[in-house]
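Participant: Mind looking at a prediction? Sequence and model below.
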Amino acid sequence: MNLPNKLTVIRIAIVPFFVFFMCYDAVPYRFIWALALFIAASVTDMLDGKIARKRGLVTNFGKFLDPLADKILVAAALVCFVELRWTYSWVVVIILLREFAVSGVRLAAVSGDKRAVIPANIWGKVKTVFTLVAIIAILAMHILMTFGILVDSNTFVVTDAGTLIELEEAASGIAVSIPVQIISDVLMYITAAITLVSGVKYLYDSREFIDPKK
């Protein structure tokens, strides 16, 4: 296994640890650990393709596994977001349906007579980059909220004593007030839109593998 493919495998291996920190609230600074792991996984996504192209190490295995690793990482993060009520389940369902459809076409192409491996198109790459950035931004905002640096201007905040206080009281300190949930929602809506567009483009470009008559 060459270096780019090893980086891709590492990205997949990071996912269980990321989910653990996102969901196990007994771990101190769990969101910081989760963010660090997610950024590390995102870096491997940038490096594996760059190294493969630069060193002439592009393989069919890498073409297939790299986008699959991205899907696993993103799906894990989005499911965690739903569990934490940071985003709406219907948005995540739309994104995951697209990913399942594209993965199905990839499997059909690989297992078909042509044994073709369909690489990600430019829209797919744009989708991946924007999704990773959106997830990192949402995670970062929630980390800043846990430290009292940010407060959501459309909600209440919880003090160390576990009591609800009004936004005006919280904002009177060092906290910066921004519409965290609205920003998160907008990022997820844009992600869903780009995901749908890239999915339609991918399915259209792969129509010969969907329709056996072509």
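Facilitator: Perfect, I can see it now. Numbering: from 1, shown residues only.

Participant: Pick out the residue closest to the middle of the chain.
Facilitator: With distances taken as CA atoms, centre = their mean, V74 lies nearest the centre of the chain, 2.9 Å away.

Participant: Tell me who's in contact with G62.
Facilitator: The contact partners of G62, by CB atoms under 8 Å, 6 or more residues apart in numbering, come to N2, P4, N5, T8, D48, A52. (Glycine included, C-beta is placed from N, CA and C.)

Participant: Buried residues, the helix or strand that contains D45. List them.
Facilitator: If you go by DSSP states H and E, D45 is part of helix 30-54. Residues of helix 30-54 classed as buried by neighbour count (16 or more other CB atoms under 10 Å): 30-35, 37-38, 41-42, 44-45, 48-49, 51-52.

Participant: Quick one: list the elements packing against it.
Facilitator: Helices and strands touching helix 30-54, by 3 or more CB pairs under 8 Å, 6 or more residues apart in numbering; DSSP states H and E, are helix 3-23, helix 60-83, helix 122-146.

Participant: quick one: average pLDDT of the second one?
Facilitator: Across helix 60-83, pLDDT averages out at 90.

Participant: ok, now stretch 32-42?
Facilitator: Throughout stretch 32-42, pLDDT has a mean value of 97.

Participant: which outside residues touch that stretch?
Facilitator: Contacts of stretch 32-42 (CB under 8 Å, 6+ apart): 10-11, 14-15, 17-18, 21-22, 27, 73, 77, 132, 135-136, 139-140, 143.

Participant: I appreciate the help and will end here.
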